[in-house]
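1. One predicted model, sequence on top.
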Amino acid sequence: MTENTSVEAVELDLLVEAVSRCAGINLSDIPNLSLRLRVEQIASSMGAHTISSLQDKILHDRRLMEQFISQATALPAMLFADSHFYRDVREKIAPLFATRPFVRIWHAGCATGEEAYSMAILLKEEGVFDKCRIYATDIGDTMLHSARAGIFAESYLKEQEPRYLASGGKGSVYDYFIQASGHVVFDQNLRRNIVFAHHNLSRDACFNHFDLIVCRNVLQYFTAPMQERVLRLFDKSLVEDGILALGKHESIEFQPRSSKYNHVDGMEGFYRKNEEAA
């Protein structure tokens, strides 16, 4: 048992190093036990009997590497995760959208879609949804399939209601889901303005220009050179006076393009693009 455990520890270290060097993704900050459990689950789903065989698979198949990264870095899926973030968007960003003829929003690293669904609900309640288009992207095809389906267990919504209300919700989260046999489905009237698509931040190019880019708790998994690459992509994708929203523990400070952005007062993780500040 001791020998096997030691071998698996070495395999895990080698996998972390390989993913860092080949994909620019840093998994070393994930607690070791948590990472090992995730890796073992992913290995099983990909038909790999050891961590070494999993490494061999993902190093020689780009799509499998993308699928691995998506699953290894995914956070627990929740609607209105971080109610303070959504309250800020509701109270300070949505009013800005009301003054614009059309609004494009990019949710980068959307996982199974809850963040995009939350944004759609919020925009609907603030009266600007019809002029907005939400682009939600991820590198994991399995994640995107779940996001497009928008199907959840009936018990799921009960757990989400408190965060929805804490974010300033004006009704009930149940208002935006249709009851089906044994599950609920996200309302298609809101789904119509959401585009789910495959996009790899580490290699794919700018595909549109956006008023708001939301990339929360994703950059923390990138190595420093890859963070710079991704922020350069976001810079090309943001319109003048556009807003970049990052996670609480992420920042554009000390990045080459940080001088082009102003921190939005009173809003943690929000940065407004201002070319004149450069």
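-> Received it, and whenever you're ready, just let me know what you need.

2. Quick one: residues in contact with the longest helix seen in the chain.
-> Across the chain, the longest stretch assigned as helix under DSSP state H is helix 2-23. The set of residues external to helix 2-23 that reach it, using CB atoms under 8 Å, 6 or more residues apart in numbering, is 25-28, 32, 35-36, 39, 50-52, 54-55, 58-59, 65, 68-69, 202, 223. For the C-beta atoms, the positions are set from N, CA and C on the backbone; glycine is no exception.

3. Give the ChimeraX command for selecting the buried subset of those.
-> Typed into ChimeraX, the line below selects the buried ones among those, using 16 or more other CB atoms under 10 Å:
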select :25,26,27,35,36,39,51,52,54,55,58,59,65,68,69,202,223
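
4. one step back: return the mean pLDDT over the longest helix of the chain, rounded to an integer.
-> pLDDT averaged over helix 2-23 equals 87, rounded to a whole number.

5. Quick check: what element follows it along the chain?
-> Next in sequence after helix 2-23, counting helices and strands by DSSP states H and E, comes helix 32-45.

6. helices or strands up against the next helix or strand after that following helix?
-> Towards the C-terminus, the helix or strand next in line after helix 32-45, according to DSSP H and E, is helix 51-59. In terms of contact count using 3 or more CB pairs under 8 Å, 6 or more residues apart in numbering; DSSP states H and E, helix 51-59 is assigned the packing partners helix 2-23, helix 32-45, helix 62-73.

7. now, of these, which is deepest in the fold?
-> Highest mean neighbour count of the helices and strands packed on helix 51-59: helix 62-73, a mean of 20 (counted as mean count of other CB atoms under 10 Å).

8. can you dump the C-alpha coordinates of that helix into CSV?
-> Taking only C-alpha atoms (Å, rounded to 0.1, in the frame of the first residue of the first chain), the coordinates of helix 62-73 have been written out as CSV:
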residue,chain,number,x,y,z
ARG,A,62,-6.1,18.0,-27.5
ARG,A,63,-9.8,17.5,-26.9
LEU,A,64,-9.2,15.1,-24.0
MET,A,65,-6.7,17.6,-22.5
GLU,A,66,-9.4,20.3,-22.8
GLN,A,67,-12.0,18.0,-21.2
PHE,A,68,-9.5,17.1,-18.4
ILE,A,69,-8.8,20.8,-17.6
SER,A,70,-12.5,21.7,-17.6
GLN,A,71,-13.4,18.9,-15.2
ALA,A,72,-10.3,19.3,-13.0
THR,A,73,-10.8,23.0,-12.4
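
9. Report all helices and strands that it contacts.
-> Under the contact definition 3+ CB pairs under 8 Å, 6+ apart, helix 62-73 sits against helix 2-23, helix 32-45, helix 51-59, helix 141-149.

10. could you redo the last one with a cut-off of 7 Å?
-> Applying 3 or more CB pairs under 7 Å, 6 or more residues apart in numbering; DSSP states H and E, we find helix 62-73 packed against helix 32-45, helix 51-59, helix 141-149.

11. what angle sits between the second one and helix 32-45?
-> Translated: helix 51-59. Using axes from the mean of the first three to the mean of the last three CA atoms, to 10 degrees, the inter-axis angle of helix 51-59 relative to helix 32-45 is 70 degrees.

12. for the last one, same thing?
-> Calculated by the same axes, to 10 degrees, helix 141-149 forms an angle of 80 degrees with helix 32-45.
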